[in-house]
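> Could you work out the structure for the sequence below:
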Amino acid sequence: MIRPIRFGYNEETASNNAFQKKGNEGHDSVQKAALAEFNSFVALLESNGVEVVVVEDTPNPHTPDSIFPNNWFSTHTTGEIVLYPMCASNRRLERKEAPLAVIKSLRVNGAMGRTLDLSICEADNRFLEGTGSMVLDRTNAIAFVCRSPRSDESVLDRFCKDLGYKYFFFNAYDRNGSAIYHTNVMMCMGDKFVVACLDSIRDSAEREIFVEISKKLNKEIVDISIDQMENFAGNMLQLKNSEDESIIVMSSTAKKSLNSGQLNILESHCKIISPQISTIETNGGGSARCMIAELF
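I've put the predicted structure just below:
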């Protein structure tokens, strides 16, 4: 996780992220509130037995979205680290010295092997924003990806061929008919469940394929509404703590939007922890899942 130092509303990403909302607060107030939310989130994870590697962001270059590191890199049990092509030019600057030094230290310790650098695709205006663009079923090596300006199928195909994944590429829309910018705001993949906004998949044939794949993977489907999706109920992440217990992380905004039946299903699989991160959600257009880059 990246501790923010100059977090704020990113004008460069707002054009295709309908979840961002610019408030009336000044930059200093937003940063102060986001920092407090971040620190509380880390403390909550650690108190529930989750080991967190915190990287301190640097003021320069200015990277207002650095709090969402899952978009520019991912790690894998097979030893790879993947670097991804980012749509907004100021998000490309997140591949800077501090976080890269942490990744390098992990490699020195033998935790990682080769690097797959897809960021070179930025030169051709082709993007794939990590585990924002892709929701990965790592056990079954399947990537779920909804079409958007931030998710290019040719880059996705390269990722999948290189790491041995298959993929399902589909269309998903918000209530206004705009393409959803990142797949991980409309769905979450757990080991025994899938949280998904099926209404966002407007094409009935694509929706049926989505459901069929989920059932073949023996996943229980938790269907969320468009309204719940807009409250970040799709932006969840399942983790394992030091006691090998399953935890699902979602924001307090997301949890409040769910009904008792949905919560009962999720609680039958995982313990729920729900940080309050409303400043980060509002200004950044991302939520709890976006703030965590898993280390395998």
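
> residues touching residue 166, list them.
Residue 166 makes contact with 141, 142, 143, 160 under the criterion C-beta atoms under 8 Å, 6 or more residues apart in numbering. Quick note: C-beta positions are derived from backbone N, CA and C, even for glycine.

> Using TSV, lay out the residues you listed together with distance to residue 221.
Written out in TSV, the entries for the contacts of residue 166 read as follows (distance: C-beta to C-beta, whole Å):
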residue	distance to residue 221
141	20
142	15
143	18
160	23
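
> Now for the residues you listed, which sits with the most neighbours around it?
Neighbour count (other C-beta atoms under 10 Å) singles out residue 143 as the most crowded of the contacts of residue 166, with 23 neighbours.

> Would you mind giving the secondary structure of that residue?
Residue 143 carries the three-state label strand when classified by DSSP: H, G, I helix; E, B strand; the rest coil.

> list the helices and strands the worst-scoring helix or strand of the chain on mean pLDDT packs on?
Within the chain, confidence by mean pLDDT, DSSP states H and E is lowest for helix 97-108 among all helices and strands, at a mean of 74. Judged by 3 or more C-beta pairs under 8 Å, 6 or more residues apart in numbering; DSSP states H and E, the packing partners of helix 97-108 are strand 55-56, strand 73-75.

> Highest mean neighbour count across these, which stretch is it?
Of all the helices and strands packed on helix 97-108, strand 73-75 carries the top mean neighbour count, a mean of 20, counting by mean count of other C-beta atoms under 10 Å.

> Show me what the following helix or strand past the least confident helix or strand of the chain is packed against.
Counting by DSSP states H and E, the next helix or strand C-terminal to helix 97-108 is strand 115-117. Strand 115-117 sits against strand 81-83, helix 153-163, with contacts defined as 3+ C-beta pairs under 8 Å, 6+ apart.

> outside of stretch 242-258, which residues touch it?
Taking contacts as C-beta under 8 Å, 6+ apart, the residues outside stretch 242-258 that touch it are 45, 48-51, 188, 190-191, 224, 227-228, 231-233, 235-241, 263, 266, 269-278, 281, 287-289, 292.

> again with stretch 35-55
Counting contacts by C-beta under 8 Å, 6+ apart, the residues outside stretch 35-55 that touch it are 1-4, 7, 67, 69, 98-99, 102, 239, 241-243, 245, 247, 249, 271, 273, 275-280, 288, 291, 295.

> Show the buried residues in the residues you listed.
Judged by neighbour count, with 16 or more other C-beta atoms under 10 Å as the criterion, the buried members of the contacts of stretch 35-55 are 1-4, 7, 67, 69, 99, 239, 241, 247, 249, 273, 275, 277-280, 288, 291.

> Show me what counts as buried in the longest helix seen in the chain.
When every helix of the chain is counted residue by residue (DSSP state H), the longest turns out to be helix 27-47. Judged by neighbour count (16+ other C-beta under 10 Å), helix 27-47 contains these buried residues: 30, 31, 33, 34, 35, 37, 38, 41, 42, 44, 45.

> One more: stretch 254-268?
Of the residues in stretch 254-268, those with enough neighbours to count as buried (16+ other C-beta under 10 Å) are 254, 255, 257, 258, 262, 265, 266.

> The last one: helix or strand, and which one exactly?
The secondary structure element spanning residue 266 is helix 260-269 (assigned by DSSP H and E).

> from the chain's centre, how far out does that helix sit?
Distance, stretch centre to chain centre, for helix 260-269: 21 Å (C-alpha atoms, centre = their mean, to the nearest Å).

> ok, and what's touching that helix?
With contacts defined as C-beta under 8 Å, 6+ apart, helix 260-269 is touched by 190-193, 195, 220, 222, 224, 246, 248, 255, 258, 272.

> same check, this time on stretch 199-218
Contact with stretch 199-218 is made by 137, 140, 142, 144, 168, 170-174, 180, 186, 192, 194, 196, 198, 221, 225-226, 229, as judged by C-beta under 8 Å, 6+ apart.

> rerun that using 6 Å as the cut-off
With contacts defined as C-beta atoms under 6 Å, 6 or more residues apart in numbering, stretch 199-218 is touched by 140, 170, 172, 173, 186, 194, 198, 221, 226.
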